[in-house]
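1. build the 3D model from these lines:
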Amino acid sequence: MVSATSQPAQAPARGKRADALRNQQTLLAAAAEVFVTSGVDAPIREIAARAGVGIGTIYRHFPTRADLVVAVYRHQVEACAEAGPDLLARAGSPFAALTQWVGLFVDFLVTKHGLAKALQSDSSGFEALHAWFLDRLVPVCAQLLDAAVNAGEIRPGAHAYELMRGIGNLCIGRDSDPRYDPRRLVNLLLAGLQRPHPDVDGADGTVSQ
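-> Take a look at the predicted model:
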């Protein structure tokens, strides 16, 4: 049994752990933003400045760049997984929720493409992370697609894994050409899923009178 006098001594420890967790989440969010704009090879000082911490703080949490990249990867996967239901509840429509979620997914993919390089020879580690990523995100994407189909906003028949794989393929060119913005093509892909407006007669876009 825990005595009343021992409880105050434990509270600061719990508070310290909570503060440390919040600080780490802030650091990971900052690193993710930097990776999206500058790649996984971005200087650590840039990440530290974005997070508002010293470089030593980053190295205390993540001794190597691979450690940091993997932690950001996991952070973004969890953020994408949790965002799906939240967007369905808050967005104006299921298709709007799907579109916003895909935007988060594209940001994540920019980081993901640098993961294999960061892990270098640890192919088994990369494969395990990839399997976990599919387990977490494919069901979320499927939920968004089903909601948009049920709302009559997109055509039935789209599969979550295929859509995510297609988006991933459109994002690959971003690695070698910073002028290439995959978001425009991803938006065109999403537009192609939409049902034609009921006032549109045919593929030529003519409108019924």
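2. in this structure, which spans are strands?
-> Applying DSSP state E to the chain gives no strands.
3. so which helix or strand of it has the lowest pLDDT on average?
-> helix 115-119 (a mean of 60; mean pLDDT, DSSP states H and E).
4. ok, Leu193 touching Pro156?
-> No: using C-beta atoms under 8 Å, Leu193 is not in contact with Pro156; the gap is 10.0 Å. The way it works is simple: take the backbone N, C-alpha and C, and place the C-beta from them, glycine included.
5. more neighbours: which of these two?
-> Set Leu193 next to Pro156 and count neighbours by other C-beta atoms under 10 Å: Leu193 wins out with 17 against 11.
6. ok, now which ones touch the more buried one?
-> Ala148, Ile154, Arg155, Ala158, Leu163 (C-beta atoms under 8 Å, 6 or more residues apart in numbering).
7. which residue sits closest to the last one, ignoring its sequence neighbours?
-> It stands for Leu163. Leaving aside its chain neighbours, Leu163 sits nearest to Cys141 (6.4 Å; criterion: C-beta to C-beta, 6 or more residues apart in numbering).
8. just the pLDDT for the one you found.
-> On pLDDT, Cys141 comes in at 97.
9. could you shift the numbering so residue one becomes 10, and keep it that way?
-> Sounds good: first residue 10 from here, last item Cys150.
10. state the distance from it to Gly93.
-> Shown here: Cys150 relative to Gly93, a distance of 7 Å by C-beta to C-beta, to the nearest Å.
11. quick one: low-confidence ranges for this structure?
-> By pLDDT under 70, the weakly predicted segments of the chain are 10-27, 29, 122-134, 183-184, 206-218.
12. and the helices in this protein?
-> According to DSSP state H, the chain carries its helices in the segments 16-47, 53-60, 64-70, 74-99, 103-121, 124-128, 132-159, 169-180, 191-202.
13. then the fifth one to PDB, C-alphas only?
-> Just to be clear, that refers to helix 103-121. The C-alpha trace of helix 103-121 is given here as PDB (Å, rounded to 0.1, in the frame of the first residue of the first chain):
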ATOM      1  CA  PRO A 103     -15.800  12.400 -46.600                       C
ATOM      2  CA  PHE A 104     -14.100  13.400 -49.800                       C
ATOM      3  CA  ALA A 105     -12.700  16.600 -48.200                       C
ATOM      4  CA  ALA A 106     -11.500  14.400 -45.300                       C
ATOM      5  CA  LEU A 107      -9.900  12.000 -47.800                       C
ATOM      6  CA  THR A 108      -8.200  14.900 -49.600                       C
ATOM      7  CA  GLN A 109      -6.800  16.400 -46.400                       C
ATOM      8  CA  TRP A 110      -5.600  13.000 -45.200                       C
ATOM      9  CA  VAL A 111      -3.800  12.300 -48.500                       C
ATOM     10  CA  GLY A 112      -2.000  15.700 -48.100                       C
ATOM     11  CA  LEU A 113      -0.700  14.400 -44.700                       C
ATOM     12  CA  PHE A 114       0.300  11.100 -46.400                       C
ATOM     13  CA  VAL A 115       2.200  12.900 -49.100                       C
ATOM     14  CA  ASP A 116       4.200  14.800 -46.500                       C
ATOM     15  CA  PHE A 117       5.000  11.600 -44.800                       C
ATOM     16  CA  LEU A 118       6.100   9.900 -48.000                       C
ATOM     17  CA  VAL A 119       8.700  12.700 -48.600                       C
ATOM     18  CA  THR A 120      10.300  11.600 -45.400                       C
ATOM     19  CA  LYS A 121       9.800   7.800 -46.000                       C
END
